[in-house]
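A.B. asks: need coordinates for the below:
(2 chains)
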Number of protein chains: 2
Amino acid sequence: MKKTKKIKEVNVFGRVDLKAEQLPKEYFNILPLLPEKLAPPLDPRTKKPLKPKALEVLFPKELIKQEVSEKRSIRIPEELQEQLLQIGRPRPICRAKRLEKYLRLPSNVKIYFKREDLSPVGSHKSNTSLAQAFYAKREGIEKLTTETGAGQWGSAVAMATAFNDMQAEIYMVALSYEQKPYRRTLMELFGAQCYSSPSLRTKSGRKILKQQRHCTGSLGIAISEAVERAVEQENTKYCLGSVLNFVLLHQTVIGLEAKKQLMQLGEEPNEIIGCVGGGSNFAGLAYPFIGDRLKGKSDCRFIAVEPETIPTMTKGKFTYDFGDTAELTPLLKMYSLGHEFKPAPIYAGGLRYHGLAPTLSVLVKHGIVEPITKNEKEVFEAAKLFVRTEGITPAPESSHAIRAAIDSALKAKRAGEEKTILFNLSGHGLLDLQAFKQFI
Amino acid sequence: MKKTKKIKEVNVFGRVDLKAEQLPKEYFNILPLLPEKLAPPLDPRTKKPLKPKALEVLFPKELIKQEVSEKRSIRIPEELQEQLLQIGRPRPICRAKRLEKYLRLPSNVKIYFKREDLSPVGSHKSNTSLAQAFYAKREGIEKLTTETGAGQWGSAVAMATAFNDMQAEIYMVALSYEQKPYRRTLMELFGAQCYSSPSLRTKSGRKILKQQRHCTGSLGIAISEAVERAVEQENTKYCLGSVLNFVLLHQTVIGLEAKKQLMQLGEEPNEIIGCVGGGSNFAGLAYPFIGDRLKGKSDCRFIAVEPETIPTMTKGKFTYDFGDTAELTPLLKMYSLGHEFKPAPIYAGGLRYHGLAPTLSVLVKHGIVEPITKNEKEVFEAAKLFVRTEGITPAPESSHAIRAAIDSALKAKRAGEEKTILFNLSGHGLLDLQAFKQFI
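C.D. replies: Prediction:
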């Protein structure tokens, strides 16, 4: 009786907070539950399976251990838990009450969302940047290098290195470096060094600039520069914002929190939705729930939304491919549009990637995760509706999930079905207002 | 014994959340506690005391009632409470643990801050914009007009009118309209009409453009345009983001929450700090605590920080003055630099005002609130330190409070004094990164 009352109260307020002490203490690892074993990464030169040891030139040992771990859960060290508290975790789940009202949904069709937009650097990316910086620092690493497109990942790394008293060297795609100076400013405020890529600081950068003096850069080139600098400097490692198993692992704090929150509400989700570039925010929310489904404990559906113009999951091939255009990274078995694919210049920069995380690829292949596409126009329409009803400006990336959630709720309404939807609001769009301006 | 344990736990986490049901149900009214009665506003033409009734052409009746109310508290209607929950109230108080560590503060010198930056439109302004829109709508008003400088207030009004199914007509200072297109985009996303001021839509605008074709505008001109449009349209009222008693009243939810939070922590603040333009964010946090001091229950100090170049409180005169440059508004008895004062072009646009809220003026005059000034360079240095240690990008306005908090903590450290400081982080600076860029 008492419990019912509590549930009702929470529902009325439309928001579920967790206490600081309810922060997850362990990451959820999907690896031991996957329906097929992951194919090993291949050496980019020999094309033969790569030993984990070979990755030590790029990554801290602990992360490589996590990359191949078959443990069901991995403990989060207390000092790292403290950093997650510092950036505002646990984060609330909200019910989109005003959006539901606008859509005239019946009371048994509900939309919830997880507020990763509340991160001080604006997206879920800080969950893994803090972890990567923390583990690196613990192994004596003093500097991290990385690439960034529009700057979401770069600013998350800049914060993480500031928090862990390390340096950061960030290669930002030249076009964004010029067109989006504010994320660069944010990185510099944190004390990071941010360079336009291609740069004169690396062999790969100089080679490209020699051929093409006014090259505007690409993620592929920026990766090559960051990798080169990680290898040639002492006490320096490279860090990555998506795709790899350990990156997705760090993001599972999102879904672990969400499970507790829905349990407090007495809700069982029927559909979990996230946008997908490399797959990290989707996996972060969905994997702990997918775990239940793989154990036969749930029949929840999992909807992964990609842009119509970058149809990695819906039209890509499940094959070995490089992570970068320059063919420097190990080959991963994944859905891919081919590493020479040139993504359309859509505003959702975080979704402009040819490949897909190997674990997520396996789940798509086995039909556990269902991919769909949305086009840019309908995505921006959904974003605008979300601003007007919920007051929050969503990132263009996250707006793909909003579109899918709205469409799914309306479908349930038409069919007279009960449905509880949960989507990941992976980031805010306050530094993307330029894109909204052009859309208006 | 049990209580002590709880307090210790909360302190360890460095953050105190309140539950949704702990949202304040009443505003705190400082008027009946003031050490002297407020002088009445004067009619701009006759210079004779203005009857509250005369304000009805501009403001909803309920707000005029609140403006002169002598009640100690005023109930917040349930529907309005719901809107405050929607924008994420109650908001956390955080302890600036990483900043404290950087400053090597002893454990008995503590810095707490209230996170008004978590508002979806980026500042405390939404607390009153929602209230003003709500009360107006309840009286059948369909449209609000207002002015905005850099756009913080304008976007708060745009959200509030969207939430209350009303229209908004916003006059934005021409210079900002051109230089800061993103806040304008945000207003338009909410469905507001946003015009560059001076505009051709009003008599006052046309008159100025005739004299000065390329006039870049001012808050004074924009106020005239918004007031003119409120008067000439049916079912339309004007709304204001600071200075007036009812605006400050709506902001007291900040301090009421903070009192509960500090009580949970077992903390007694020694010093409460806020930046001051018109005075609304300072008053919002401080007034409920000042109430205790006026009742003899506390000896907390209250520090109001203004920019060195706009020294309203420290060098202004306590006198009757106009609220706008065009001499259209009623005269208020307040600290003022003169309504023809041209504020220096500092980045903290929200502090560029010649006057000060009448209630705050009385408290400054009686020495209950202590004004200090900080210069732009030291303010940006503090902002940068805050970004690096706490991860949050503060608004240039709020950074004045950060500077004062740091200086005060260091002074206590040197003197070997115990001190608990609470400051208001009134807004985030993610749409002010241009200013940070120039500072770097």
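
A.B. asks: ok, stretch A:238-255 near chain B or not?
C.D. replies: No - legend: contact between stretch A:238-255 and chain B by C-beta under 8 Å from any C-beta of the partner chain is lacking; minimum distance shown is 15.7 Å. No exception for glycine: its C-beta is placed from N, CA and C like everyone else's.

A.B. asks: pLDDT averaged over that stretch, what's the number?
C.D. replies: The pLDDT scores in stretch A:238-255 average 97.

A.B. asks: cool, and stretch A:147-166?
C.D. replies: Rounded mean pLDDT across stretch A:147-166 is 96.

A.B. asks: first-to-last residue distance for that stretch?
C.D. replies: 17 Å (C-alpha to C-alpha, to the nearest Å).

A.B. asks: do that stretch and chain B meet?
C.D. replies: Yes - on the criterion C-beta under 8 Å from any C-beta, stretch A:147-166 is in touch with chain B at A:159, A:162-163.

A.B. asks: got the buried residues for that stretch?
C.D. replies: Using 16 or more other C-beta atoms under 10 Å in any protein chain shown as the test for burial, stretch A:147-166 gives A:147-164, A:166.

A.B. asks: so which of the residues you listed sit within helices?
C.D. replies: When the buried residues of stretch A:147-166 are checked against helices (DSSP state H), the matches are A:152-163.

A.B. asks: which of the residues you listed sits closest to B:T185?
C.D. replies: Proximity of these to B:T185 (C-beta to C-beta) peaks at A:Q152, which lies at 19.0 Å.

A.B. asks: the residue of the stretch 201-350 of chain A found nearest chain B: what secondary structure?
C.D. replies: The stretch 201-350 of chain A approaches chain B most closely through A:Q264 (11.9 Å), counting by C-beta to the nearest C-beta. Under DSSP: H, G, I helix; E, B strand; the rest coil, A:Q264 falls in the helix class.

A.B. asks: does it really touch A:K19, like I thought?
C.D. replies: No - applying C-beta atoms under 8 Å, one finds A:Q264 not in contact with A:K19, separated by 10.9 Å.

A.B. asks: ok, these two, which is more surrounded?
C.D. replies: A:Q264 (17 against 13; other C-beta atoms under 10 Å in any protein chain shown).

A.B. asks: show the pLDDT at the more buried one.
C.D. replies: pLDDT, A:Q264: 93.

A.B. asks: picking up where we left off before, a markdown table for the ones in helices among the buried residues of stretch A:147-166, including distance to B:A348?
C.D. replies: Formatted as a markdown table, these follow (distance: C-beta to C-beta, whole Å):
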| residue | distance to B:A348 |
| --- | --- |
| A:Q152 | 27 |
| A:W153 | 30 |
| A:G154 | 27 |
| A:S155 | 23 |
| A:A156 | 27 |
| A:V157 | 29 |
| A:A158 | 24 |
| A:M159 | 24 |
| A:A160 | 29 |
| A:T161 | 29 |
| A:A162 | 24 |
| A:F163 | 27 |
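
A.B. asks: which of those residues lies closest to A:D324?
C.D. replies: Taking these together and measuring to A:D324 by C-beta to C-beta, the closest member is A:W153, at 14.7 Å.

A.B. asks: which residues sit in contact with the residue lying closest to the closest one once chain neighbours are set aside?
C.D. replies: Closest residue to A:W153 apart from its sequence neighbours, by C-beta to C-beta, 6 or more residues apart in numbering or on different chains: A:G241 at 3.7 Å. By C-beta atoms under 8 Å, 6 or more residues apart in numbering or on different chains, the contact set of A:G241 is A:125, A:128-129, A:146, A:148, A:152-153, A:156-157, A:247, A:278, A:280.

A.B. asks: A:Y182 now?
C.D. replies: Per C-beta under 8 Å, 6+ apart, neighbours of A:Y182: A:431, B:430, B:433-434, B:437.

A.B. asks: now the buried members of these.
C.D. replies: Looks like the contacts of A:Y182 have A:431, B:430, B:433-434 buried, using 16+ other C-beta under 10 Å.

A.B. asks: need those residues in a markdown table (columns: pLDDT, distance to B:K37 and secondary structure).
C.D. replies: What follows is the buried ones among the contacts of A:Y182, written out as a markdown table (pLDDT from 0 to 100; distance: C-beta to C-beta, whole Å; DSSP: H, G, I helix; E, B strand; the rest coil):
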| residue | pLDDT | distance to B:K37 | secondary structure |
| --- | --- | --- | --- |
| A:L431 | 93 | 48 | coil |
| B:L430 | 95 | 42 | coil |
| B:L433 | 92 | 45 | helix |
| B:Q434 | 88 | 44 | helix |
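
A.B. asks: overlap in contacts of A:Q264 and A:K19?
C.D. replies: In contact with both A:Q264 and A:K19: no residue, using C-beta under 8 Å, 6+ apart.

A.B. asks: identify each buried residue in the lengthiest helix in chain A, please.
C.D. replies: Longest helix of chain A, by residue count under DSSP H: helix A:396-415. Across helix A:396-415, burial judged by 16+ other C-beta under 10 Å covers A:396-409, A:412-413.

A.B. asks: which elements pack onto that helix?
C.D. replies: Helix A:396-415 is packed against strand A:109-115, strand A:271-275, strand A:301-307, strand A:369-374, helix A:376-390, strand A:419-425, with contacts defined by 3 or more C-beta pairs under 8 Å, 6 or more residues apart in numbering or on different chains; DSSP states H and E.
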